[in-house]
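K.L.:
Everything below, folded, please.
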Amino acid sequence: MIELAPPCEIGLPARFSSWRPQQLSAIDQRFSSERRVIAQCLPTGTGKSLSGMAQAIVSGERTLILTSTKGLEDQYVNDFKDSGLVDIRGRNNYDCAGFPHLGLSCDEGRHLKCQYQKTGMCPHHVATSKAINSKIVVSNYTCYILNHLEHDSWGKFDFLILDEAHDSPDTLSSCLSIKVTAWELKHILARKLPDDNPDSWVKVVPDMITALKRMFQNEDKAGNLTETSVKRLLSMKRLQAKLERIAAMCGDGEWVVQVGDDNHTLECLWPAPYAEPYLFHGIPKILLMSATMTPKTATLLGVDDDQLDYQEFNSTFIPTDSPVYVLGCAPRIDHRSSADSIDRWIGYIDTIIASRLGRKGIIHSVSFARARDIALKSKYRQHMIVPEPGTTQRVVERFKSMPPPAILVSPSVTTGYDFPGTDAEYQIITKVPFPDSRSVLTQMRSTADPLYAPYLTVQTLVQSAGRLKRSMEDRCETFIIDSHWNWFYMKYRHLFPIWFRNLVRRVDAVPQPIKRKV
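P.N.:
This is a model prediction of the structure:
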């Protein structure tokens with residue numbers, strides 16, 4: 001085992017006075033492994049961000065840390081800015097200095113050829129220069145991937161840390177996807193959407209790009225821009241960028257066209273071929289960290305077994321503090337469920353709530369329609385708060401400020417939100433969250449890889465279960481009330497991390513609430 005001075009003595013903040021055993025084991029794996037890619041399943045409470053920062057500092061290598069959200073990026077900055085950590089974000093997070101009267105971002109300003117681009121007057125350029133000259137940099141997946149798509153660089157890195165690595169395959173795939181609307185083609189180019197296959201797009205795109213370039217010659221110069229002309233120019237530039245990416249990428253590899261309401265979205269069948277050029281980018285040492293990390297995640301990123309060193313760590317939490325109860329008598333919930341099954345299902349939800357009215361709870365509803373259905377039929381509806389699409393963050397903030405017995409009913413808090421302490425002390429997973437099988441992309445991936453859809457389901461389940469238990473002091477209960485769980489867990493148990501399997505308890509009746517810590 002590696003021997004290290006306390007965290008605060010190697011350059012980490014003073015409040016980190018000692019190491020947790022899992023942190024030392026994780027650091028030891030980093031420096032003893034000869035593999036390029038290290039994957040660590042680090043449950044909540046093991047302190048993976050401190051472990052990652054320690055590895056960056058001890059290695060002495062120029063390190064890039066990527067997170068899945070800007071919120072997590074904020075946490076890194078708040079925790080480790082005094083340790084030399086510098087963050088960089090996308091251009092749309094900085095206000096353009098060249099067009100203050102128009103209130104544009106640096107992303108919009110560059111399309112309009114802002115005179116301050118790449119000067120000390122440009123906020124994004126200043127932030128980029130600071131990052132390029134820093135030893136440890138933090139950003140988010142989307143910013144970094146889009147940066148490489150645009151051939152921008154933050155300099156050479158020796159060590160790459162992917163935090164919340166379970167999100168990286170989907171985020172990579174999402175960043176590479178290209179959505180073109182019928183409105184864009186009609187109002188900008190007077191064209192229609194081509195046939196719904198990649199080859200049709202590749203054939204017509206060069207002519208569209210040529211037409212756009214001719215149109216730019218007739219637009220106003222930057223000095224005469226009006227609000228209307230700015231909107232039009234930006235729409236044209238964004239469409240051109242999309243079309244150029246289609247021309248560059250969609251003829252190489254397997255791509256799928258997803259047909260939406262008046263739009264086509266071109267998506268890569270698998271993200272693996274694009275992980276090296278747009279995510280790993282030749283960096284010699286890579287660390288994947290997540291509470292739900294599995295070798296399958298690395299496979300989706302194209303990492304071969306001979307490149308991978310995977311290790312799973314035990315949780316620091318006592319299992320009885322955060323049990324996952326599986327209600328054995330629960331009904332089977334899906335689109336074929338009878339009215340009687342739905343009534344029984346709501347009845348179990350109400351039974352759980354009834355003995356926990358002194359606590360706040362969360363109901364994971366899978367869809368907004370299910371959320372409204374629960375809130376309509378439950379006899380505790382007066383305590384429920386149900387966000388509409390696009391309002392989740394605001395509603396979560398309101399929920400956290402409410403007293404018991406407030407209940408948040410939502411499909412959108414399975415990841416990205418934490419509810420420690422008394423923010424929420426129980427949660428109900430109303431349905432096993434199978435991915436939407438109507439998606440053409442999901443169908444094709446599932447046909448090619450039978451474990452793909454189960455893997456996504458497991459990731460959502462485990463992430464949901466981790467929303468409430470964030471520290472040793474927290475007490476929380478998770479209930480699963482869908483009999484689909486029985487066959488699913490039996491068949492795909494190996495896809496769940498060990499720490500989660502240790503929490504699962506089958507019960508035939510709703511147990512009494514676990515006691516709070518005095």
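
K.L.:
now the end-to-end length of stretch 147-166.
P.N.:
Stretch 147-166 has its terminal residues 21 Å apart, counting by CA to CA, to the nearest Å.

K.L.:
What segments of the stretch 101-250 of the chain are strands?
P.N.:
Secondary structure of the stretch 101-250 of the chain, counting by DSSP state E, counting those that start in this stretch: strands at 136-140, 159-162, 178-181.

K.L.:
Give me the contacts around the first one.
P.N.:
Read it as strand 136-140. 53, 56-57, 62-70, 72-73, 76-77, 80, 83-89, 131, 154, 157 (CB atoms under 8 Å, 6 or more residues apart in numbering). For glycine as for every other residue, the C-beta is placed from the backbone atoms N, C-alpha and C.

K.L.:
6 Å instead?
P.N.:
Contact partners of strand 136-140, identified using CB atoms under 6 Å, 6 or more residues apart in numbering, comprise 56, 63-67, 70, 73, 76, 84-88, 131.

K.L.:
of these, closest to Arg110?
P.N.:
Closest approach to Arg110 among the contacts of strand 136-140 (CB to CB): Ile88, at 15.6 Å.

K.L.:
who does the longest helix along the chain touch, helix- and strand-wise?
P.N.:
When the chain is parsed with DSSP state H, its longest helix is helix 227-249. In terms of contacts (3 or more CB pairs under 6 Å, 6 or more residues apart in numbering; DSSP states H and E), helix 227-249 is packed against helix 106-111, strand 178-181, helix 198-216.

K.L.:
Tell me the buried residues in the helix or strand just after it?
P.N.:
Following helix 227-249 in sequence order, the next helix or strand is strand 255-260 (DSSP states H and E). Neighbour-count burial for strand 255-260 flags 255-258 (criterion: 16 or more other CB atoms under 10 Å).

K.L.:
these two touch, right, Lys296 and Ala453?
P.N.:
No - with contacts counted by CB atoms under 6 Å, Lys296 stays clear of Ala453, the gap being 11.8 Å.

K.L.:
need the buried residues of strand 255-260 in JSON lines with distance to Val440 and pLDDT, can you?
P.N.:
As requested, those are arranged in JSON lines below (distance: CB to CB, whole Å; pLDDT from 0 to 100):
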{"residue": "Trp255", "distance to Val440": "11", "pLDDT": "94"}
{"residue": "Val256", "distance to Val440": "6", "pLDDT": "93"}
{"residue": "Val257", "distance to Val440": "8", "pLDDT": "93"}
{"residue": "Gln258", "distance to Val440": "6", "pLDDT": "92"}
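
K.L.:
Name the nearest of these relative to Tyr278.
P.N.:
Nearest to Tyr278 among these, with distances taken as CB to CB, is Trp255, at 15.1 Å.

K.L.:
returning to what we had before: may I see the strands of the stretch 101-250 of the chain organised as JSON lines, with mean pLDDT and mean neighbour count added?
P.N.:
Shown next, in JSON lines, are the strands of the stretch 101-250 of the chain (pLDDT from 0 to 100; neighbours: other CB atoms under 10 Å):
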{"stretch": "strand 136-140", "mean pLDDT": "96", "mean neighbour count": "25"}
{"stretch": "strand 159-162", "mean pLDDT": "98", "mean neighbour count": "25"}
{"stretch": "strand 178-181", "mean pLDDT": "96", "mean neighbour count": "18"}
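
K.L.:
looking at these, which is closest to Ile318?
P.N.:
That would be strand 159-162 among the strands of the stretch 101-250 of the chain, by CB to CB, at 28.8 Å.

K.L.:
so what strands line up beside the closest one?
P.N.:
Strand 159-162 has the following sheet partners, assigned by DSSP bridges: strand 63-67 (parallel), strand 285-290 (parallel).

K.L.:
Let me have those strands in TSV, extended by mean neighbour count and distance to Leu239.
P.N.:
Listed next are the strands paired with strand 159-162 as TSV, based on neighbours: other CB atoms under 10 Å; distance: least, CB to CB, whole Å:
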stretch	mean neighbour count	distance to Leu239
strand 63-67	25	29
strand 285-290	24	35
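
K.L.:
What lies in contact with stretch 509-518?
P.N.:
With CB under 6 Å, 6+ apart, stretch 509-518 has contacts from 351-352, 356, 473, 475.

K.L.:
Buried subset of these as a PyMOL selection?
P.N.:
Restricted to buried positions by 16+ other CB under 10 Å, the PyMOL selection for the contacts of stretch 509-518 reads:
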select buried, resi 352+356+475
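
K.L.:
Show me which of the contacts of stretch 509-518 has the smallest pLDDT value.
P.N.:
For the contacts of stretch 509-518, the weakest pLDDT value sits at Glu473, with 86.

K.L.:
host element of that residue?
P.N.:
Going by DSSP H and E, Glu473 is not in any helix or strand.

K.L.:
And it, how close does it get to Ser59?
P.N.:
Relative to Ser59, Glu473 is positioned 33 Å away (CB to CB, to the nearest Å).

K.L.:
and Ser18, how many residues sit next to it?
P.N.:
8 (other CB atoms under 10 Å).

K.L.:
who touches it in this structure?
P.N.:
Pro6.

K.L.:
element containing it?
P.N.:
Using DSSP H and E, no helix or strand contains Ser18.

K.L.:
From Ile161, how far out is it?
P.N.:
22 Å.

K.L.:
Tell me where the stretch 251-400 of the chain has strands.
P.N.:
Assigned by DSSP E, counting those that start in this stretch, the stretch 251-400 of the chain shows strands spanning 255-260, 263-268, 285-290, 308-312, 324-327, 361-364, 384-385.

K.L.:
Residues in contact with the first one: which ones?
P.N.:
By that I understand strand 255-260. Identification of contacts with strand 255-260 by CB under 6 Å, 6+ apart yields 196-198, 264-269, 440-441.

K.L.:
And the helices in the stretch 1-150 of the chain, which stretches?
P.N.:
Secondary structure of the stretch 1-150 of the chain (DSSP state H, counting those that start in this stretch): helices located at 21-32, 48-59, 70-80, 106-111, 123-132, 141-149.

K.L.:
In CSV, could you pull the C-alpha coordinates for the first one?
P.N.:
Listed next in CSV are the C-alpha coordinates belonging to helix 21-32 (Å, rounded to 0.1, in the frame of the first residue of the first chain):
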residue,chain,number,x,y,z
PRO,A,21,-8.8,3.5,3.4
GLN,A,22,-10.5,3.4,-0.1
GLN,A,23,-8.7,6.6,-1.1
LEU,A,24,-5.3,5.1,-0.4
SER,A,25,-6.2,1.9,-2.2
ALA,A,26,-7.4,3.9,-5.2
ILE,A,27,-4.2,6.0,-5.3
ASP,A,28,-2.1,2.9,-4.9
GLN,A,29,-3.8,1.3,-7.9
ARG,A,30,-3.1,4.4,-10.0
PHE,A,31,0.6,4.2,-9.4
SER,A,32,1.1,0.4,-9.4
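
K.L.:
In that helix, which residues are buried?
P.N.:
For helix 21-32, a neighbour-count test (16+ other CB under 10 Å) marks 22-27, 29-30 as buried.

K.L.:
Just give the number of residues close to Ala509.
P.N.:
For Ala509, the neighbour count with other CB under 10 Å is 10.

K.L.:
how about it, secondary structure?
P.N.:
For Ala509, the assignment made with DSSP: H, G, I helix; E, B strand; the rest coil gives coil.

K.L.:
circling back to that earlier point, which of the strands of the stretch 251-400 of the chain sits closest to Trp485?
P.N.:
Across the strands of the stretch 251-400 of the chain, Trp485 has its closest neighbour in strand 324-327 (5.7 Å, CB to CB).

K.L.:
Can you name the residues in contact with the closest one?
P.N.:
Strand 324-327 has contacts (CB under 6 Å, 6+ apart) with 465, 478-481, 485, 503-507.

K.L.:
Distance to Lys379 and secondary structure added to the residues you listed, as JSON lines?
P.N.:
JSON lines is the format used below for the contacts of strand 324-327 (distance: CB to CB, whole Å; DSSP: H, G, I helix; E, B strand; the rest coil):
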{"residue": "Ala465", "distance to Lys379": "26", "secondary structure": "helix"}
{"residue": "Thr478", "distance to Lys379": "22", "secondary structure": "strand"}
{"residue": "Phe479", "distance to Lys379": "17", "secondary structure": "strand"}
{"residue": "Ile480", "distance to Lys379": "22", "secondary structure": "strand"}
{"residue": "Ile481", "distance to Lys379": "16", "secondary structure": "coil"}
{"residue": "Trp485", "distance to Lys379": "25", "secondary structure": "helix"}
{"residue": "Leu503", "distance to Lys379": "29", "secondary structure": "coil"}
{"residue": "Val504", "distance to Lys379": "29", "secondary structure": "strand"}
{"residue": "Arg505", "distance to Lys379": "26", "secondary structure": "strand"}
{"residue": "Arg506", "distance to Lys379": "27", "secondary structure": "strand"}
{"residue": "Val507", "distance to Lys379": "22", "secondary structure": "strand"}
